[in-house]
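# This is the structure alone, sequence omitted:
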C-alpha cells in the first residue's frame, strides 16, 4: 500500500446520491476508497466556497452528485445548481485547475451500480492526474 | 465633450430646481489628469461643477444602492446596464431614477497614455475630435483616442445606454466587427499549467486592497465573504493561495452580472488585469445561457433562473 | 564626510560590491511602474523613476509577517504556547529611496517606538536599514513634500544621499551608517568641485518645482470635536469607495490586524496591514461597529493624519507628501482638497 492514494472530497445529496452510496455499500459493490463524503440536503446547497475550500485544504479531486434533473426533492434545486456548477467549472479550469479534478454526476438513490461505476471513473481520473499541485493553502507564505 | 457637459449641467439644474430629483449624481473634474471624481449635487446653483469627458471611468452605480431618495444620474452604455442590473436585483427602483443617457465613445486608459508618452510626467490631457492631446513638462503629443482606449471600451458592443429618460446627444454608432473575447480564447488555448502560471503571475503583485471589489457596482453585499470570520473562507495575509481565492470568488460573485464596465481594472493601483477573470464568466454566460448582463429589465439574471434543457454535458 | 562620484556605467557594479555587507533593495521596473526589489545577480535596477508605486515601507514592515508561532502537537511539551518566530535582521540598505519616503519612516517610528512600547519587529528591521536616498531632480505636480517639512533633497532623515548629475551620481554620506555603506561600494572617486557645485544647483532648482501644497496651518488650533462633527465630511466622502489603496500605498500608514492561521499542526500568528477604510477595522465582537458609515471611516483617515497625530506627537502631520494617494485613488480623493476643507472650517 505504498501507492499514492488521492483524497477526493465528495458532496452527496441526501435524497439521492447519498442513498445510492448507502445502497452500493449494503449491496457490497466494490468501489475505490478515496472518497470523503459530506452529506448535503441538496446539490444546490453546495456553495462555490465549499468547492474552493476543499481544494484549498488539499483535496486532489472534488465530486459532487445530486438528483437527476426533474427529480429534485425540492423540485428545482438541482437545476439552479447545474447553472452554478457550469460557470464555476469553466472558471476554475480556465484558471488552471485540470479538467478531471472537479466532477459532477446525477445519481438517483436506486442507482447503486451507477454510483460505484462513477466512483471508479472519478477515482481513475484523479489518480491519472496525480496529487493536486495548485491552489493548496499550506503554511502562509509570508515574511 | 463640451456639449455633453453643458447639457448635463443644464438638465441637472432644471431637475433639481423643479424638484424632480433630490440629488444628481455625475462627475466633476479631477485634481489630477485623466481622473474625474464621482460627484453628487443637490444644490441647483452648484450644477456647474458637473463635468464630462473620457476620464469618467468609475461606475456611478456604486452610489445608488441603499438610497431611498429620488436620484438623477448620468449613464453611458455600461453604467446604464448596471442600473438595469440594480433594478433586477431590487437595489433601486426605476421610479426613483431620472437617467440622463450618454452615448459613449469610450474612456481613456491612463495606463495606455502613460505608456504612450514613455512614462513622462503628464500635466494635462485634452480631448478634441477623437484625438487626445497629452501635455507634460516640455512635451506635447497627440494620439488617436481609439489607440488609448480602455481595453473594455475598445471591445464594447453597447456604447449607447439601454435605459434612459433623456439622452444628452444623438446615439453613437455601435462598434462592429469586434472580437470581444479574443484574450479569453487565447488563454483557453493554453494548457492547464500554462494557465495557472499566467494567472498566478498576473495577481502576484496584488496587495489585497480590494479596490477591484469596491469599485464594482455589483459588490454591495453587507458582509463580503473575505470579511466572514466563522467560517473564514480566505486568509487575510498576502499568501498567494489566499489572494487567488479572493480573485476567484470575487469574479464568481459577478457571474452573469458583469457588464464589463472596466471599473475594477481601472481602480487597481497595481495595474492587474482583473477583468480576465470576469470576462471568462461573461463569455460562458453568453455561450451557455445567451446572456448579456443588464440588457433588459424583464429578464431574470442567469443564475436566478434555469431551463430544463440547460447545458448538461459536463455532468455524468 | 567626503563626497564620492560614481559614473553611471559603473554604478550597478559598485552597488553589487556592497552586497557582501548589506542586503540591497533597488528600484526595479515592474511593468508599468517601479518597485523596490532585492538586488540579485539577475536584477536590473532602474533609477530613472519618479517614485515607486508601492512605498518602501514593506521592506521594514512587510504586508504580512509571522510574529509568533507554535506547534499544536500533542507530543510537544510547548503545545499551544506561542513563541516569537525566529528571525534575523541582517544589515540592509534601500538605495534610491526618495527623501519623502525616508521622512515617512521617521513619522511612523513615533508609533512603533514610544515611551511605553517598542515594536520589536519594526524597530529591529528599521535599525538594520540604511537609507540611501536619491534626490528628486524632477518632482511631480502631485508632490508636496516641502509643505510637510521635507523637500526633494531633504537630508535630515537619510543616511546617505545621491545626486543624479546626468552621467554620474554624487554620493554623500550623512550618517555613520551611510558613510559605511558608501565605503563598501566599489570604485568611485573623490568628488570634484564641479560636481559638488552642480549638486547644490540641483537642490535649489528642484525645490522651486514643488508647487503643490498641503494646507494645514490652521488645523492645529482647531478643537477636535468641532472638526470631527464638521458638516463637510459626508459630502467629501461621497465618492469614496472604501478600498485600501490610499492606506496600503501610503508610506506613513502603519495600522495592522493580527490573524491566527492553522495549517496542519503549525499555528502562526500573522500580522497584516490593515486599512481604516474597511468596516472590519473597527467591527466589535458584539456586532457593533463604531465606524459603521463610509464617511466615518473616511473622516478617520484624514483626522488621524492631520489632527490626531500632530496633536499627540507634536511631530508635524502624518504625511510625507509623496502624493501616492492623490495619484492612485480610483475616485480622485485628494488629501490636499480635504486638508483645505479642514483648514478653512
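Done, it's in. Quick caveat: nothing in here was measured; it's all calculated off a predicted structure.

# and residue B:245, what helix or strand is that in?
Residue B:245 belongs to helix B:240-253 when assigned by DSSP states H and E.

# So is that helix next to chain A?
Yes - contact of helix B:240-253 with chain A (C-beta under 8 Å from any C-beta of the partner chain) involves B:240, B:241, B:242, B:244, B:245, B:248, B:249, B:251, B:252. (C-beta placed from N, C-alpha, C; glycine too.)

# Same list (those) but as a markdown table, adding neighbour count and distance to chain C.
Output for these, formatted as a markdown table (neighbours: other C-beta atoms under 10 Å in any protein chain shown; distance: C-beta to the nearest C-beta, whole Å):
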| residue | neighbour count | distance to chain C |
| --- | --- | --- |
| B:240 | 16 | 11 |
| B:241 | 20 | 10 |
| B:242 | 24 | 9 |
| B:244 | 23 | 15 |
| B:245 | 23 | 13 |
| B:248 | 25 | 19 |
| B:249 | 22 | 16 |
| B:251 | 24 | 17 |
| B:252 | 23 | 20 |
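
# Tell me the one among these nearest to chain A.
residue B:241 (4.4 Å; C-beta to the nearest C-beta).

# leaving aside the residues next to it on the chain, what's closest to the closest one?
residue A:137 (4.4 Å; C-beta to C-beta, 6 or more residues apart in numbering or on different chains).

# Quick one: residues contacting that neighbour.
A:56, A:57, B:235, B:239, B:241, B:242, B:245, C:263 (C-beta atoms under 8 Å, 6 or more residues apart in numbering or on different chains).

# how many other residues sit next to the residue nearest to residue B:64 when sequence neighbours are not counted?
Sequence neighbours aside, residue B:92 is the residue nearest to residue B:64 in space, at 4.9 Å (criterion: C-beta to C-beta, 6+ apart). Residue B:92: 20 surrounding residues under other C-beta atoms under 10 Å in any protein chain shown.

# Just the element for residue B:92, please.
Applying DSSP H and E, one finds residue B:92 in no helix or strand.

# and the gap between it and residue C:239?
Separation of residue B:92 from residue C:239 (C-beta to C-beta, to the nearest Å) stands at 18 Å.

# Angles on the backbone of the residue minimising distance to the centre of chain A, please.
In chain A, the residue lying closest to the centroid (C-alpha atoms, centre = their mean) is residue A:63, at 1.0 Å. Main-chain torsions, residue A:63, degrees, to the nearest 10: phi -130, psi 130.

# Wait, it touches residue A:6, no?
No - under the contact definition of C-beta atoms under 8 Å, residue A:63 does not touch residue A:6, with a separation of 10.8 Å.

# Which parts of the stretch 51-200 of chain B are strands?
For the stretch 51-200 of chain B, strands defined by DSSP state E, counting those that start in this stretch occupy the ranges B:71-75, B:97-101, B:122-128, B:131-136, B:139-144, B:166-167.

# residues making contact with the first one?
Outside strand B:71-75, the residues that touch it by C-beta under 8 Å, 6+ apart are B:8, B:11-12, B:15-16, B:20-27, B:52, B:60-61, B:64, B:79, B:82-83, B:92, B:96-102, B:161, B:163-164, B:168.

# next one: stretch B:28-38
Contacts for stretch B:28-38 (C-beta under 8 Å, 6+ apart): B:25-27, B:39, B:49-51, B:53, B:55-58, B:60, B:62-63, B:108, B:110, B:113, B:122-125, C:141-142, C:238-239, C:326-327, C:331-334, C:336-337.

# Quick one: mean pLDDT for that stretch?
What stretch B:28-38 shows for mean pLDDT is 95.

# Start and end of it, how far apart?
Taking C-alpha to C-alpha, to the nearest Å, stretch B:28-38 runs 6 Å from one end to the other.

# Okay, now the sheet partners of the helix or strand of chain B with the lowest mean pLDDT, with direction.
When the helices and strands of chain B are compared on mean pLDDT, DSSP states H and E, strand B:122-128 comes out lowest with a mean of 92. Using DSSP bridges, the strands paired with strand B:122-128 are strand B:131-136 (antiparallel).

# could you check the angle strand B:139-144 makes with the partner strand?
Per axes from the mean of the first three to the mean of the last three C-alpha atoms, to 10 degrees, the angle that strand B:131-136 makes with strand B:139-144 is 160 degrees.

# buried residues in strand B:131-136?
Neighbour counts over strand B:131-136 (16 or more other C-beta atoms under 10 Å in any protein chain shown) mark B:132, B:134, B:136 as buried.

# Residue B:137 contacts residue C:138, correct?
Yes - counting by C-beta under 8 Å, residue B:137 does reach residue C:138; the two are 7.2 Å apart.

# Can you work out which residues contact both of these two?
In contact with both residue B:137 and residue C:138: residue B:121, using C-beta under 8 Å, 6+ apart.

# quick one on the thing from earlier: counting only helices, which of the contacts of strand B:71-75 make the cut?
B:8, B:11, B:12, B:15, B:16, B:79, B:82, B:83 (DSSP state H).

# could those go into a markdown table alongside distance to residue B:266 and neighbour count?
Output for these, formatted as a markdown table (distance: C-beta to C-beta, whole Å; neighbours: other C-beta atoms under 10 Å in any protein chain shown):
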| residue | distance to residue B:266 | neighbour count |
| --- | --- | --- |
| B:8 | 21 | 22 |
| B:11 | 26 | 21 |
| B:12 | 24 | 28 |
| B:15 | 28 | 23 |
| B:16 | 29 | 21 |
| B:79 | 13 | 28 |
| B:82 | 14 | 27 |
| B:83 | 19 | 28 |
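
# any chance of those in CSV, plus distance to chain A and pLDDT?
Formatted as CSV, those follow (distance: C-beta to the nearest C-beta, whole Å; pLDDT from 0 to 100):
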residue, distance to chain A, pLDDT
B:8, 37, 96
B:11, 39, 96
B:12, 39, 96
B:15, 40, 96
B:16, 42, 96
B:79, 24, 96
B:82, 20, 96
B:83, 23, 97
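
# out of those, what pair is the most spread apart?
Using C-beta to C-beta, these span at most 23.1 Å, a distance reached by B:16 and B:82.

# Distance-wise, check the residue in chain B positioned nearest to chain A relative to residue A:99.
Closest contact between chain B and chain A, by C-beta to the nearest C-beta, is at residue B:196 (2.7 Å). Plainly put, residue B:196 is 13 Å away from residue A:99 if you go by C-beta to C-beta.

# can you pull out the helices in the stretch 151-300 of chain C?
C:176-184, C:193-209, C:224-228, C:232-236, C:245-249, C:294-303 (DSSP state H, counting those that start in this stretch).

# Of all these, which one comes closest to residue B:296?
Using C-beta to C-beta, these put helix C:294-303 closest to residue B:296, at 31.5 Å.

# Show residues contacting the helix or strand following the closest one.
Once the chain leaves helix C:294-303, the next helix or strand it forms, by DSSP H and E, is helix C:309-313. Residues outside helix C:309-313 that contact it (C-beta under 8 Å, 6+ apart) are C:107, C:110, C:216, C:219, C:220, C:224, C:315, C:316, C:317, C:318.

# OK, contacts around the second one?
Which is residue C:110. C:309, C:313, C:315 are the contacts of residue C:110 under C-beta under 8 Å, 6+ apart.

# for chain A, what are the nearby residues on chain C?
So chain C meets chain A at C:62, C:64, C:65, C:66, C:261, C:263, C:264, C:266, C:268, C:270 (C-beta under 8 Å from any C-beta).

# before we move on, the earlier item: from the contacts of strand B:71-75, keep the buried residues only.
Looking at the contacts of strand B:71-75 with 16+ other C-beta under 10 Å, the buried ones turn out to be B:8, B:11-12, B:15-16, B:21-27, B:52, B:60-61, B:64, B:79, B:82-83, B:92, B:96-102, B:161, B:163-164, B:168.

# From residue B:57, how far off is residue C:101?
28 Å.

# cool, and residue B:255?
Counting by C-beta to C-beta, the gap from residue B:255 to residue B:57 is 23 Å.
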